[in-house]
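In: Output the structure for:
(chains A and B)
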Amino acid sequence: MRIAPILLLITWLLTGNRLLAQGISLSEKNAPLEEVFRHVERQSGYVFFFDVAWLEKAQPVTLELRNVSLSTALEAIFQHQPLNWAVAGRNIVVGLRTDSTTKKEAVLKSPPRGMYGRVTDSLGKPLAGASVEIRGSRWAVRTDEAGHFFLPGIQHKVPLIITYVGYETRELWLSDSAHSGEEGGSADTLIRTSDIVLRRGGGPLDEVQVVAYGNTTPRLSTGTISTVHSDAIAQNPVPDILQTLQGRMPGLFITQETGLPNGAFTVQVRSFTTFTEQQPLYVVDGVLFPADGPLPLIEGTSVPNPLRGGNALNYLDPSVIASVSLLQGADATSIYGSRGAYGVILITTKKGRPGKPRLTMDYYSGITVAGIMAKLMNTQQYLDLRREALKNDNVPVSALDLDLNGTWDTTRYTDWQKLMIGHHARTDKINLSFSGGSEQTSYLAGVFFSDQQNIERAKGSVRAGGLHGNFNYITRDKKLSLIFSGYLSTNVDDMVPDDFSAAGNLEVNPAAQTAPNAPPFFQPDGTLNWSAGSNPVSSLVIHYKNSTQTLIASTDLAYKPAPGLSLNLQGGYTLLSCKEQRAEPSTYFDPALFTPSLTNSILNSYKIHTYTIDPNIRYQRRLGRIGKVELKAGVTVQERVEEQDEITGRGFVSDALLGDPYAGDPASLSVSRDLEPSRYLGFFGVFNYCWDDKYILNVNARRDGSTKFGPDRQFGNFGSVGVAWLVSEEPWFKKRLPFAHFFKIRGSYGSIGGDGIPNYQYITTYTEGVGYQGGATLVPNQVANPRLQWETNRDAEIALSLELLNGRIYAEGTYYSNRTSNQLAPQNLSSATGNTAFLENTPALIRTHGFEWVLTMQNIRTRDFSWTTSFNISTPRSKLVYFPSQAANGLIDYSSYIGRPITGVILYNYAGVDPATGRYQFINAQGVKGSFRPFLDPIPLGFNDHTQFLDLAPKYYGGWQNSLRYKRFTMDLLFTFVNRVGLTFQGRQVSVPGLFDNNASTMALGRWRKSGDRAEVAAASEGINALANQLNFKSSTGAYGKAGYARLANLNIGYSFTGAVLERSHISSMRVYLAGQNLMTITAFKDLDPENLGTYGYMGPLRVLTGGINITF
Amino acid sequence: MSFGCNDKVFIHQTLCRVRRLSAVLLSLVLSPLLFTAGCKKYLTVPPPVDQVVGNGAFASDSSAAAVLNGIYTQLLLDNLFQGNMGIGYDAGLYTDELQSLVLPSDQNFYADALNANAYLQLWPDLYQEIYASNLAIEGLTSSSLTMRDQLLGEAYFLRAFLYFYLTNLFGPIPIAIQSDVETTNRLARSPQADVYQQIIADLKQAQSLLDNFYHDQDGALTDNRGRPNRMAATALLSRVYLYTQDWANADAQAGLVIGAASSYELVPPALTFLTGSKETIWGMESVLAGVTLLRDAQVYYTFPGTHKAVCLDSALFSVFEPGDARWTNWVGVSHVAATATQPATDYYFAYKYKDTALSPSPAGTISLLRLAEVYLIRAEARAQQGDLAGAASDLNGIRARASLGGTTAATQSELLAAIAHERQVELFLEEGHRFFDLRRTGQLDAVMTRMAPVKGSSWSAYKQWWPIPIADIQADANLTQTPGY
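Out: Numbering: from 1, shown residues only, chains lettered A, B, ... in the order given. Reported below is the predicted structural model:
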């Protein structure tokens, strides 16, 4: 192999002469050769390369030349020298003349001594035109098209600086990269360095992106792939990777459903393409990770579980993650087949890298506080409101009005929100990792521990700890390689399973909305105060503990028996194993009503395991001189099993026994068990052809089988075609638009299957019910549809990417259009069928489309100061195009209308507060305006009066990131923004303001008070009046408001130390930083965080402020 | 890597190589496809551990019996025949049996103001059990279980029983007699005559499959009358013939039940609804350990001096004759003391079932078919056929049991009126008898027009049938709303 670069060099040398037609004029008299070289360099722009030692042997030069070609000049200069010369690129290489033959022959027989090497990117792709410079000298060469460079005459250690646009500059000593002993045979003539790998730098074009079964770069990909790297992830002091991705990737909309740690997230890739919400596929190091839905946690009985099922990614520590890639569209996702129909999120963990052993430590510590809280009334405002409500309703203060009749102290004021959730809680995190290795073997081992305390007035925290490791081995001949990675963590959550924030929803206990003059929740001794007959924070005494272990193990084995051919086996296993206990002790209940039979204890154990096995073959070779073909074919075998056992005990004689559900009353013990296996089998083939790095064709074909469907319907065939044209590689483009380095047009079209439905939908099943006549019962559980089959996603996209001014500006625009048909959707059934819904492949057609834009600019790039901006925005749209029945309108969920998005709701037409009566008014289907209160007004509103349609999906969302560096200071800011509408605080209330023991937002200060008032909020009222007035309002456009916001999602300010002290302490780098999350929100939305606008109105995302240090030894 | 100079030759060779190689690759990779059996095996996951799959439910006598048990259980859990959303309660509010005192959740029933958006749970609940019966009939018909006949007979009986209530509440209704939802989701309403024909056919099937004895879920003989037998099917058949004015058959079928004198007899009112009563032809028992059946006392009354949201309407309690043992035994009264706003008042409530608190062993079963009704059916059928003496004899049997003297009615119309009155006081608040009787005898409009001002409602003839949920009409394009709604 080592002959190849020499041949290339020779080829080059032979063709070099045509470059010599330069006008050179010299007038030298006994000039040192070095000085003559300098004159030639100045005139020609060519650079000489030589060993200084040789100059001692050189003769002084005397000559007179007028406007001769460079080659003539060189002939003349070297005529009497013991040296010969050759031209390589824009370099003039000087060598020792060993005999008296001509220069050309000399080179052929005995190439110049020196060092040569190759520069590649981290994918091994040669970098042509990289500059290789000897530090401290003026000498530089550029790499050739194969990435080779040659430094003639260099036979000792030299410091090199290697630079390439868009890549990190590397400085290294020649000896650092070890001139390999292998090359010893030619040591007298050549020193060969190993390949010098440049990592991606400022330019995003050549970032390595992990894709299915390999890597790619935005330069050469035909699909839509976005990647976030560990450096960006590390800026966020938060425990869940999904939080760190918010706003960083176009097409990815992440909602944190609750601010409580370990809570749920919803992730939407592009637009809703199906009637049921579908989550993307998560793959960690090639293995399916079960983060695509809620976990089978205990659903609270009296208080719903505020974690809403949590998310498995809460158990994967962000510090072990090297990169996250989002794959969208048919071309990028098709290799995952149906599994990737709703987007793919690939997570790659950190791997060991060759080099001297390095120990890295990162520690941060800080506080978390509640995010946006409602502004509720104080006692004076609340009591005014209540008195006004009674006055408006014309009722006297009754025995039930404890807040007004003197039972409760009317001068007392407690800010319940502040009391219950207004605390600062500590958050700490440390992780250590150790890595190193040689070219053949590298390793990484790390540990982490984090502790996040509860901001609620309660005990409890989420503590997580774990370790991860990685081992890479490659044989000396590079034919066999092995990667093994493992991750093991424990997460212990013993936070109170309740959310005391002002949610204002019946289903959540709005402790914060308790009357501000209500008696204290606690007695002086700290125990619950039951004097009011109930206590909205009694859940504080619930015993709760969730301990989850997570294991991820994966291997990647590759064997390359012949050039270009690679046999691979990837596979792995994940296991989530959880024990969760929730117990309601005697103190949870009002002592006046307590009987031991009320106490209960639930022990829930679940295990989710997945395995993935991916054997595949890849073959890559050149086809023609400038073409390259790659074939991949393989099989994917995958299983996911979810197993759950739940034991519920009731009636405990002592709270001390609550830990053991079996210790309760044996007669009321109940157990349940669930086991849900699902399997997937896929075969795929990929054909990729790249011609001259200019035209790329990528064809995928696959056959998928899923256990979600009945026999004979399990398999479906899918495929995609992707093309890319690197227009900037065309000579005419280069000539006309030299400032545009890179311009690519790509497009793809394909079909992907979808099987996002529960298991066993193709069989009729019976479940055990309550007994009859002392015997067992079986009750029909679900109605079978044995004809269920794959739904079809037809995905098309087209994208342009452009890089200008040496990578200073990078822009990318993507347009996608997806048509999902044969939808797996629950069809509403008439009751006469005995069922309410039936899963069916309906020919319903949903079209989604949208634009995604990315713009990255290096605004300023100087030695001391740089400023980079990256902006992305997505505009998802969806529309129900066709539904197979004229009764379609309002079918599936009564909000699906042909020609409208499926993410909307139908509402009454709100017409403001009636200035005469202070009641909410609506306009019904007949155009009549009125309050239409049920029970109280003669005509109520009916189904047909839902005349308004409101789309709740975001109109657009995105992120704006800025990275600034001044000398050793860095500052990174990430702003996220969303534009949409959502259910307001008042829209979530059960009644208009004025209800007993139900504090209102200060928005209600602007309520209607007297005839003629033009108010936003209805007149204060209580009882049935208040409820009836609110009932229609909740289902009207009045309950929705603009929920758009812009948020400083992340801020990270750091300073890196240098100096002799560090070096003496063997510290290679040290950085201190301040990092904050969710620091500022600009929104017109009141009283609620505009991010998590789900039905429940749980606590908004927390604010986090930390300081940390990062040291590498 | 070096390249040959002759590109054409090179490309040709490469193509050949690629072709060869891709063939090898493809065959390697696709070879599993050839073993599709293996793939299929891999994609065959074990059935769910906590569920029985499809016809597996009919693989054994015990599991098939469990499917039937499931229907009985659901009937009770859905509160179709008990509780404060059951047929008896709703129909009682709708007509002249119950008075609403405060705004209850089913205010719409009392105000005769049902609409398609209201909570109409009876309709889907009844059809849900019809679906379960259809599954049972399909599963059992093709089986050869020991208990096949008994269980199949029960399934036919249940389907008929459920359709009887559906058609009497909603008029013409879709007849779903198979489990395939894609078929049943396209059904239109069938005329009531067709529904009755289906009911009669099912009951005849039940009669032929069941025997005269009571069996338990293992097929063993028992005193427990919790599962229907041939006499239950016969009693229901006589009721259906009465409703379809097939007097002769009503008479004959009722005669069969009354003739089985060793099994059934009228018992004193105090004992009529207790467990073990020989008046019960079919009576369902409590399904939850420790939870009693929710009827009468618990629905209308909890403890002395209180009342619940509804009580008996004066239109009902004023028609009891003096000395009627049913008044003393089946009607309760609660004296509620005077308050600032209201004078002392007596509230009357149904007291046929006397459990007032949760009890692990309730005193009674929910009597869904009982002998007294069969006597009244035969009396009416006889009267309609001109057998006035026979009719009076059957009627007087019921009156005698209530400690009342013989009827004074002499003519056919007098006798029919007397029977109607007797049905009102004998069967009050039992599964809508009053509502159905008023309608089938043509009295509904007259009575309701009289009641409407009292109830603060308005009455129209179309209200004799109840509306169906709007969602059903949207889901099934062939289904129409009840006229008038």
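
In: For whatever residue of the stretch 351-485 of chain B ends up closest to chain A, which non-adjacent residue is closest in space?
Out: Residue nearest to chain A within the stretch 351-485 of chain B: B:D476 (3.6 Å; C-beta to the nearest C-beta). In this view, the C-beta of every residue, glycine as well, is placed from N, C-alpha and C. Here the nearest residue to B:D476 in space, its sequence neighbours aside, is A:S830; by C-beta to C-beta, 6 or more residues apart in numbering or on different chains that works out to 3.6 Å.

In: burial count for residue 403?
Out: Reading this off chain A. The local packing of A:D403 (other C-beta atoms under 10 Å in any protein chain shown) involves 24 other residues.

In: switch to chain B, that's the one I care about
Out: Residues near B:S403, counting by other C-beta under 10 Å, number 16.

In: if we can go back for a sec, could you verify my assumption that the residue of the stretch 351-485 of chain B closest to chain A touches B:N185?
Out: Yes: counting by C-beta atoms under 8 Å, B:N185 is a contact partner of B:D476 at 5.4 Å.

In: just to revisit the earlier point, in this structure the residue nearest to B:D476 contacts B:T480, no?
Out: No: counting by C-beta under 8 Å, A:S830 sits too far from B:T480 to count as a contact (11.3 Å).

In: Could you pull out the strands in the stretch 351-485 of chain B for me?
Out: B:366-370 (DSSP state E, counting those that start in this stretch).

In: Now do B:S63 against A:Y766, distance only.
Out: Per C-beta to C-beta, to the nearest Å, B:S63 is found 8 Å from A:Y766.

In: about what we covered before: which neighbours do B:D476 and B:N185 have in common?
Out: Common contacts of B:D476 and B:N185 (C-beta atoms under 8 Å, 6 or more residues apart in numbering or on different chains): A:829-830, A:832.

In: Share the number of residues neighbouring the residue in the stretch 951-1100 of chain A that chain B sits nearest to, please.
Out: Scanning the stretch 951-1100 of chain A for proximity to chain B using C-beta to the nearest C-beta identifies A:I1024 as nearest, at 8.0 Å. For A:I1024, the count of nearby residues is 15 (other C-beta under 10 Å).

In: can you pull out the strands in chain B?
Out: Counting by DSSP state E, one finds strands in chain B at the ranges B:51-53, B:98-100, B:280-284, B:310-312, B:331-336, B:345-350, B:366-370.

In: Adjacent strands (with direction) for the fourth one?
Out: Put plainly, it is strand B:310-312. Using DSSP bridges, the strands paired with strand B:310-312 are strand B:98-100 (antiparallel).

In: pLDDT wise, what is the residue in chain A that chain B sits nearest to at?
Out: The nearest approach of chain A to chain B comes at A:G834, 2.1 Å away (C-beta to the nearest C-beta). Residue-level confidence at A:G834 comes out at 89, pLDDT.

In: And for it, nearest residue in space, chain neighbours not counted?
Out: Of all residues not flanking A:G834 in the chain, B:Y131 sits nearest, at 2.1 Å (C-beta to C-beta, 6+ apart).

In: okay, now that neighbour: neighbour count?
Out: B:Y131: 25 neighbours (other C-beta under 10 Å).

In: ok, it to B:T480 distance?
Out: 21 Å.

In: same deal with A:P596?
Out: On the measure of C-beta to C-beta, A:P596 and B:T480 end up 55 Å apart.

In: What of A:F49?
Out: 94 Å.

In: try A:L1079
Out: 60 Å.

In: For these two, indicate the residue with more neighbours.
Out: Comparing A:L1079 with B:T480 by other C-beta under 10 Å, the one with more neighbours is A:L1079, at 15 against 12.

In: and the more buried one, that one's in a strand?
Out: Yes: read with DSSP: H, G, I helix; E, B strand; the rest coil, A:L1079 is one of the residues of a strand.

In: so what's it scoring on pLDDT?
Out: We have a pLDDT of 93 for A:L1079.

In: thought it was touching A:L1051?
Out: Yes: between A:L1079 and A:L1051 there is a contact at 5.7 Å, judged by C-beta under 8 Å.

In: List the contacts of B:S100.
Out: By C-beta under 8 Å, 6+ apart, the neighbours of B:S100 are B:93, B:107, B:110, B:309-310, B:455.

In: would A:K418 count as being in a helix?
Out: Yes: with three-state DSSP as the criterion, A:K418 is part of a helix.

In: Between all of the contacts of B:S100, which two are separated the most?
Out: The largest separation in the contacts of B:S100, counting by C-beta to C-beta, is between B:A309 and B:K455 at 14.5 Å.

In: Look up how far B:T407 lies from the closest residue to B:T441 other than its chain neighbours.
Out: Of all residues not flanking B:T441 in the chain, B:A420 sits nearest, at 6.1 Å (C-beta to C-beta, 6+ apart). According to C-beta to C-beta, B:A420 stands 12 Å off from B:T407.

In: So for the two, which residue has more residues nearby?
Out: B:T407 (20 against 16).

In: Do I have it right that the more buried one meets B:L416?
Out: No: B:T407 is not in contact with B:L416 according to C-beta under 8 Å; the separation is 11.3 Å.

In: picking up where we left off before, for the residue nearest to B:D476, grab the count of nearby residues.
Out: Neighbourhood size, A:S830 [other C-beta under 10 Å]: 29.

In: Next: A:S1035.
Out: 19.

In: May I have the residues that are in contact with it?
Out: A:907-908, A:946.

In: List the backbone torsions phi and psi for the residue nearest the centre of chain A.
Out: Chain A has A:L245 as the residue nearest its centroid, 3.7 Å off, counting by C-alpha atoms, centre = their mean. When read as degrees, to the nearest 10, the backbone of A:L245 gives phi -90, psi -10.

In: Quick check: it touching A:V324?
Out: Yes: contact criterion C-beta under 8 Å: A:L245 and A:V324 qualify, at 6.2 Å.

In: Show me whatever sits in contact with both of the two.
Out: Common neighbours of A:L245 and A:V324 (criterion: C-beta under 8 Å, 6+ apart): A:V228.

In: Can you add secondary structure and give the shared contacts of B:D476 and B:N185 back as JSON lines?
Out: Rendered in JSON lines, the data for the shared contacts of B:D476 and B:N185 read as follows (three-state DSSP):
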{"residue": "A:L829", "secondary structure": "coil"}
{"residue": "A:S830", "secondary structure": "coil"}
{"residue": "A:A832", "secondary structure": "helix"}
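
In: which residues does residue 348 contact?
Out: Answering for chain A, as no chain was given. Contacts of A:T348 by C-beta under 8 Å, 6+ apart are A:210, A:284-285, A:321-325.

In: could you do chain B instead?
Out: Contacts for B:Y348 were tallied using C-beta under 8 Å, 6+ apart; they are B:311-312, B:317, B:331-333.
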